[in-house]
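have a look at this prediction, sequence included:
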Amino acid sequence: MKKDPTNSHDGACVAVVGAQWGDEGKGKVVDLLASHFQWIARYQGGHNAGHTVIAEGRKLILQLIPCGILAPGARAVIGNGVVVDPEALTREMSLLEAAGVPLAGRLFISQRAHVILPYHRMIELAAENAPGRVKIGTTSRGIGPCYEDKMGRRGLRIVDLYDRDLLRAHIENAVREKNAIAAALYGGAPLDAGRMFETYVEYSELIRPHIADACALLNQAADAGESILLEGAQGTLLDIDHGTYPFVTSSSTTAGGACIGTGLAPTRLTAALGVTKAYATRVGGGPFPSELNDAAAEHLRQRGREFGSVTGRPRRVGWLDLPLLRYAVEINGVSSLIVTKLDILDGLDRVPVCVGYRLDGKPCDHIPYTVAEFERIEPVYETLPGWQTSTEGLTRYADLPSAARNYLDFVAGWLGVEIGMISTGPERNQTIMVPESRLSSLLPRPAAVTV
Ligand code: IMP
């Protein structure tokens, strides 16, 4: 690919991160922005993510392959920080090919990414239900146990699939160990190493054309001034370090993770875009200070279709939590915020927003460090007027009802960060680009790819 001399935004390297607990609508945002970029890379997580994209009325849920693959001309990368389940990956590749999305020469998988094996799922399912264990409410995809093996320096990387002796020995040893753990601690049927080896050899051949030195590819692209979008999965509050531990996922979901998970240096990043819903949701267990359990919760859940895209579980819902959002803005260095699902708040008389907490009856000026503290805090709300007219599908900021603009201004003012884009429905065109926001200056112009 040659450098486009007319592109005044050469070298943009932009991370798109979830600013809450995942499910913020990053799929739509990345899909929408993808046409501006030449490369789209996933940097962490695995098929626990579910990025829903609605394009020309067709709904696609991508779990592992960056949703930027749908942008003609863009190249998609699965970075070293991702954990890859070859079964899920090959299924998704077939789905895309059947939908007419070409993958040859466009999908690149890091040879350093770690591989999820069946025993990761077996151990996770058993451990989640074991007596005395904190139940995280994971997606049961084997994500945590795979990252455990990575950090324990006993993982299997994509490149290792092609050294058949190593692969056989790895699977035999790991299966022996994991079967023994499962039998001793949890009970359950043992896995068969021989069959697993054969299956993974087959998978390795299916993905072989896509294996690449993804780190080198991305750095060469950046050197050539090509634009890169780094697609985060899950959200800041599920980050292994910065989230509501232990109710988190096992990877670095924040903008810093984008560098670790691709091999692009921090100095390459030109912006971080934080995506938040206009309210809040969470799937699985763990702290959620502004959670609702009343009729308003059911209203938002039904209206917002808040059911997990991967597991179908009903999502917990609540009001927007500004202290947590400010924390996310800080951790990620958010340059511009993108607010999704504004239309779901239509028709409410009033919209409460959490602006602080009280701990044991006293004002609390920090984000709690422990789950016990989280359980004792009470949110402090400011209540803003709602709006009765529909915002669904609006595309111009000026057309928003004044109470909706007031709500957005309040959020942006409280956080001290601009809102650059607002989503008013699931379709690509149901989007408002906020006039005079910095966001457009952070994006490259739609990519002019010359091959
Ligand atoms: P895991 O990532 O499957 O280990 O699950 C850990 C926690 O992260 C659980 O609470 C999951 O519900 C949550 N989680 C993982 N992926 C997503 C996601 O894509 N959206 C929302 N929550 C997620």
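Arrived safely. Numbering: from 1, shown residues only.

name the residues of the helix or strand hosting A222 that are buried.
Secondary structure assignment for A222, by DSSP states H and E: helix 214-223. Within helix 214-223, the residues that count as buried by 16 or more other CB atoms under 10 Å are A214, C215, L217, L218, N219, A221, A222. For glycine as for every other residue, the C-beta is placed from the backbone atoms N, C-alpha and C.

got it, and stretch 277-289?
For stretch 277-289, by 16+ other CB under 10 Å, it's 277-289.

can you put those residues in CSV and add distance to E378, secondary structure and pLDDT?
Putting those into CSV (distance: CB to CB, whole Å; DSSP: H, G, I helix; E, B strand; the rest coil; pLDDT from 0 to 100) gives the following:
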residue, distance to E378, secondary structure, pLDDT
K277, 22, strand, 98
A278, 22, coil, 98
Y279, 18, coil, 98
A280, 16, strand, 98
T281, 20, strand, 98
R282, 18, strand, 97
V283, 23, coil, 93
G284, 22, coil, 90
G285, 20, coil, 94
G286, 17, coil, 97
P287, 13, coil, 97
F288, 13, coil, 98
P289, 8, coil, 97
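
farthest pair in the residues you listed?
Greatest spatial distance in the buried residues of stretch 277-289: A278 and G285, 23.9 Å, computed using CB to CB.

quick revisit: return the next helix or strand after the helix holding A222 as PDB; C-alpha atoms alone will do.
Where DSSP H and E defines the elements, the next helix or strand beyond helix 214-223 is strand 228-231. Listed next in PDB are the C-alpha coordinates belonging to strand 228-231 (Å, rounded to 0.1, in the frame of the first residue of the first chain):
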ATOM      1  CA  ILE A 228      -4.900   2.700  12.400                       C
ATOM      2  CA  LEU A 229      -8.000   2.300  14.500                       C
ATOM      3  CA  LEU A 230      -7.500   0.200  17.600                       C
ATOM      4  CA  GLU A 231     -10.800  -1.500  18.600                       C
END
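
strand 228-231 and the ligand, any residue contact?
No - contact of strand 228-231 with the ligand is not found when judged by CB under 6 Å from any ligand atom; the minimum separation is 12.0 Å.

from the buried residues of helix 214-223, which single one is nearest the ligand?
A214 (21.5 Å; CB to the nearest ligand atom).

closest residue of the chain to the ligand?
Per CB to the nearest ligand atom, G284 is where the chain lies closest to the ligand, at 2.3 Å.

can you verify my assumption that that residue contacts G137?
Yes - the pair G284 / G137 is scored as a contact, 3.1 Å apart, by CB atoms under 8 Å.

which residues are in contact with E373?
For E373, the contacting residues are L359, by CB atoms under 8 Å, 6 or more residues apart in numbering.

how about a cut-off of 10 Å?
P287, Y357, L359, D360, C364, H366, I367 (CB atoms under 10 Å, 6 or more residues apart in numbering).

thought the fourth one was touching R376?
Yes - with contacts defined as CB atoms under 10 Å, D360 counts as touching R376 at a distance of 6.1 Å.

burial measure for the nearest residue to G18 once chain neighbours are set aside, as a count.
Distances taken as CB to CB, 6 or more residues apart in numbering place G235 nearest to G18, at 2.9 Å, with adjacent residues excluded. Residues lying near G235 (other CB atoms under 10 Å) number 27.

could you list the buried residues of stretch 167-174?
For stretch 167-174, the neighbour count (16+ other CB under 10 Å) marks L167, R168, H170, I171, A174 as buried.

which of those fall in helices?
Judged by DSSP state H, those include L167, R168, H170, I171, A174 as members of helices.

higher neighbour count, D360 and R376?
R376 (14 against 9).

list the residues that contact that one.
Contacts of R376 (CB under 10 Å, 6+ apart): Y357, R358, L359, D360, G361, C364, P368, T370.

and the residues you listed, which two are furthest apart?
Pairwise over these, using CB to CB, the maximum falls at G361 and T370, 18.0 Å.

so which of the contacts of R376 is the most crowded?
That'd be Y357 among those, by other CB under 10 Å, with 24 neighbours.

avg pLDDT for stretch 232-239?
Mean per-residue pLDDT for stretch 232-239: 97.

give me the distance from that stretch to the chain's centre.
6 Å (CA atoms, centre = their mean, to the nearest Å).

kindly report the same for stretch 383-391.
Counting by CA atoms, centre = their mean, stretch 383-391 comes out at 29 Å from the chain centroid.

and the nearest residue to D192 once chain neighbours are set aside, how close does it get to D321?
Nearest residue to D192, sequence neighbours excluded (CB to CB, 6+ apart): V175, at 7.6 Å. As judged by CB to CB, to the nearest Å, V175 and D321 stand 44 Å apart.

who has more neighbours out of the two?
For V175 versus D321, the count of surrounding residues by other CB under 10 Å is larger for D321: 26 against 22.

what's the burial count for R176?
13.

could you dump the host helix or strand of it to CSV, C-alpha only?
Taking DSSP H and E as the definition, R176 sits inside helix 164-181. Taking C-alpha atoms only, helix 164-181 is exported to CSV below (Å, rounded to 0.1, in the frame of the first residue of the first chain):
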residue,chain,number,x,y,z
ARG,A,164,3.4,-30.2,15.3
ASP,A,165,5.8,-31.9,17.8
LEU,A,166,5.5,-29.0,20.1
LEU,A,167,1.7,-28.8,19.7
ARG,A,168,1.3,-32.5,20.4
ALA,A,169,3.5,-32.4,23.5
HIS,A,170,1.8,-29.2,24.7
ILE,A,171,-1.7,-30.6,24.4
GLU,A,172,-0.8,-34.0,26.0
ASN,A,173,0.9,-32.3,29.0
ALA,A,174,-1.8,-29.7,29.4
VAL,A,175,-4.7,-32.1,29.1
ARG,A,176,-3.1,-34.5,31.6
GLU,A,177,-2.7,-31.6,34.0
LYS,A,178,-6.1,-30.0,33.4
ASN,A,179,-7.9,-33.3,33.6
ALA,A,180,-6.3,-34.0,36.9
ILE,A,181,-7.2,-30.6,38.3
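
could I get the pLDDT score of the residue lying closest to R438 once chain neighbours are set aside?
In space, and not counting its chain neighbours, R438 is closest to S336: 5.5 Å by CB to CB, 6+ apart. Reading off the confidence values, S336 has pLDDT 98.

if anything else comes up later, I'll come back, but that's it for now.
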